[in-house]
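*Asks:* Please work out how this folds:
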Amino acid sequence: MPPWAAHLLAELTRTLPLLAQPVNARIWKVVRAAGKRGGIPALHPHALRHACGAELLRRTKNLRLVQEQLRHADVQTTTGYTKITQQDIREGLETLDGEGE
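*Replies:* So this is what the prediction gives:
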């Protein structure tokens with residue numbers, strides 16, 4: 001999970017019970033505040049959901065599991081999480097390098 005997402009989850013856990021607004025408005029407020037502190041001024045709650053889904057896919061390599069966890073009705077919706085990152089490329093190459101030993 002990206003460091004900003006872990007920080008955001010901790011912030012949500014700490015802050016949500018203290019706020020008196022409707023839940024959706026509270027979540028937006030906490031996410032925006034955490035984003036600004038983390039240097040991501042346009043952060044929104046769906047970005048956290050996407051980051052968690054992408055991290056779950058990166059760790060498990062199981063698209064069907066991610067679909068179930070995110071409650072996507074159609075697996076086509078979940079395929080948006082399959083974009084390869086530079087970290088994925090590095091880890092794949094490191095795995096290949098170790099196979100020849």
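
*Asks:* Could you pull out the helices in this protein for me?
*Replies:* 3-15, 23-37, 45-60, 63-70, 75-78, 86-99 (DSSP state H).

*Asks:* residues in contact with the residue nearest to Ala54 when sequence neighbours are not counted?
*Replies:* Take Ala54 and drop its neighbours on the chain: the residue closest to it by Cβ to Cβ, 6 or more residues apart in numbering is Tyr81, 5.0 Å away. C-betas here are computed from N, CA, C, even on glycine. Contacts here follow Cβ atoms under 8 Å, 6 or more residues apart in numbering; on that basis Tyr81 touches His50, Gly53, Ala54, Leu57, Leu63, Val66.

*Asks:* What about the third one, how many residues nearby?
*Replies:* Spelled out, that is Ala54. 19 (other Cβ atoms under 10 Å).

*Asks:* Check the gap between it and Gly38 for me.
*Replies:* 17 Å (Cβ to Cβ, to the nearest Å).

*Asks:* now do the second one
*Replies:* From Gly53 across to Gly38, the span is 19 Å (Cβ to Cβ).

*Asks:* so where's the protein uncertain?
*Replies:* 1, 13-21, 98-101 (pLDDT under 70).

*Asks:* Can you tell me the closest non-neighbouring residue to the residue most central in space within it?
*Replies:* Nearest to the geometric centre of the chain sits Ala51, at 1.6 Å (Cα atoms, centre = their mean). Among residues not flanking Ala51 along the chain, Ala5 sits closest, at 4.6 Å (Cβ to Cβ, 6+ apart).

*Asks:* Quick check: the gap between that neighbour and Lys29.
*Replies:* Distance, Ala5 to Lys29, using Cβ to Cβ: 17 Å.

*Asks:* Noted, bye for now.
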